[in-house]
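>>> sequence first, then the predicted structure, then my questions.
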Amino acid sequence: MADIALRFFKDMLVVSSPVAAALARQGVADLRDQALAVILEPETVEDIYRLETVAGPQVLVTPLADFAPARLAALGMEGRGTELAQASLAIPRAFKPQHLLVEIGPCGLPLDPSSKGSLVENRDQYARAAALFGAEEFDAFFLNGFTVIDDLKCALMGLRKVSDAPVFASVDVSADGSLASGRGTLAEAAAVMADLGASVAGFATLADPIAAERLADGAREALAAQGADLSLMASLVVAERDPRQQGPTAENPYYAPDTMLAAAGALRSAGVQFLRAAGDATPAYTGVLAAATAGQDVVAEV
């Protein structure tokens, strides 16, 4: 695998869609069962990566994000963190990706920003998650699915305690730029990402292409106000797909793979480098993004 940092601000790159959604479509929806599948039935997960790889993403993401100790305990995986981490890397590595991201999601612990003990405990959850990957080979960490700024801060600080690897950070936002929790905004989250050493500032949204472009513009402006120079990432969330849906709706603007075409163009014009189809996306969505961005460089001045 090449060093992904060498590609920042250069060519546009597509990130693979979530494995969890593909497993759920096969009837493996329980998170514990998904974790067990990675360890005990890797061929099932390999089949998902095989289809996704054909679609053409340059960046693969590990199949699991539940590596914080609290999440491992919730899955009944205490003491198996290292085994789970190694299995999560081994499966996508088999497909020789250009780049590989290790996804880490929110730890899920209650967080009291006024309590030093609470902040330290949350921070250490992420430090311990990152430490599971030790000297393993991968390109960057991917902090994904965050909806609370204080939790994002703990995650970034925790990773920096144990690793100097690049960090992609992404928050879930609505069309107006507010975080999914209602506690904070994308602009505030982007400022935190810049301040605490993220390499890529990202967001995931259900918003339509025009609104997603506005979100990217807002994130870029917030970073500029901090004097920060971070690459941008956008994940477009596909809601539950219904074959009867004949056009985009506010609830699911990305009802079909070809909706990614306009979105890719809009986000490129806003300076986004990394694109991902998330939610219930299939390899077809990834394929459209890959085709739409093939040979495209990041817009240098927007």
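Arrived safely.

>>> give me the phi and psi for the residue lying closest to Val288 once chain neighbours are set aside.
Take Val288 and drop its neighbours on the chain: the residue closest to it by C-beta to C-beta, 6 or more residues apart in numbering is Met260, 4.2 Å away. No exception for glycine: its C-beta is placed from N, CA and C like everyone else's. Torsion angles at Met260 (phi, psi; degrees, to the nearest 10) stand at phi -70, psi -20.

>>> contacts only, for Met260.
Leu236, Tyr254, Ala277, Tyr285, Val288, Leu289, Ala292 (C-beta atoms under 8 Å, 6 or more residues apart in numbering).

>>> can you pick out the most distant pair from those residues?
Distance extremes for the contacts of Met260: the farthest pair is Tyr254 and Ala292 at 13.2 Å, using C-beta to C-beta.

>>> these two: who's more crowded?
Taking neighbours as other C-beta atoms under 10 Å, Tyr254 and Ala292 compare with Tyr254 leading, 26 against 20.

>>> doesn't that one lie inside a helix?
No - residue assignment for Tyr254, taken from DSSP: H, G, I helix; E, B strand; the rest coil, gives coil, which places it outside any helix.

>>> so it sits against Ala284, correct?
No - under the criterion of C-beta atoms under 8 Å, Tyr254 makes no contact with Ala284, lying 11.3 Å away.

>>> mind putting the contacts of Met260 into TSV with pLDDT?
Formatted as TSV, the contacts of Met260 follow (pLDDT from 0 to 100):
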residue	pLDDT
Leu236	98
Tyr254	97
Ala277	98
Tyr285	98
Val288	98
Leu289	98
Ala292	97
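
>>> can you put these in JSON lines and add secondary structure?
Converted to JSON lines, the contacts of Met260 look like this (three-state DSSP):
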{"residue": "Leu236", "secondary structure": "strand"}
{"residue": "Tyr254", "secondary structure": "coil"}
{"residue": "Ala277", "secondary structure": "strand"}
{"residue": "Tyr285", "secondary structure": "helix"}
{"residue": "Val288", "secondary structure": "helix"}
{"residue": "Leu289", "secondary structure": "helix"}
{"residue": "Ala292", "secondary structure": "helix"}
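
>>> how close does the closest residue to Ile210 other than its chain neighbours sit to Leu275?
Nearest-residue entry for Ile210: Ala266, 6.7 Å, with adjacent residues in sequence omitted and distances by C-beta to C-beta, 6+ apart. Per C-beta to C-beta, to the nearest Å, Ala266 is found 11 Å from Leu275.

>>> likewise Met12?
According to C-beta to C-beta, Met12 stands 7 Å off from Leu275.

>>> hmm, who's touching the helix or strand hosting Met233?
Assigning secondary structure by DSSP states H and E places Met233 in strand 231-238. Counting contacts by C-beta under 8 Å, 6+ apart, the residues outside strand 231-238 that touch it are 8-9, 15, 144, 168, 170, 199-206, 212, 215-216, 219-220, 252, 254-255, 260, 263, 267, 270-281, 285, 298.
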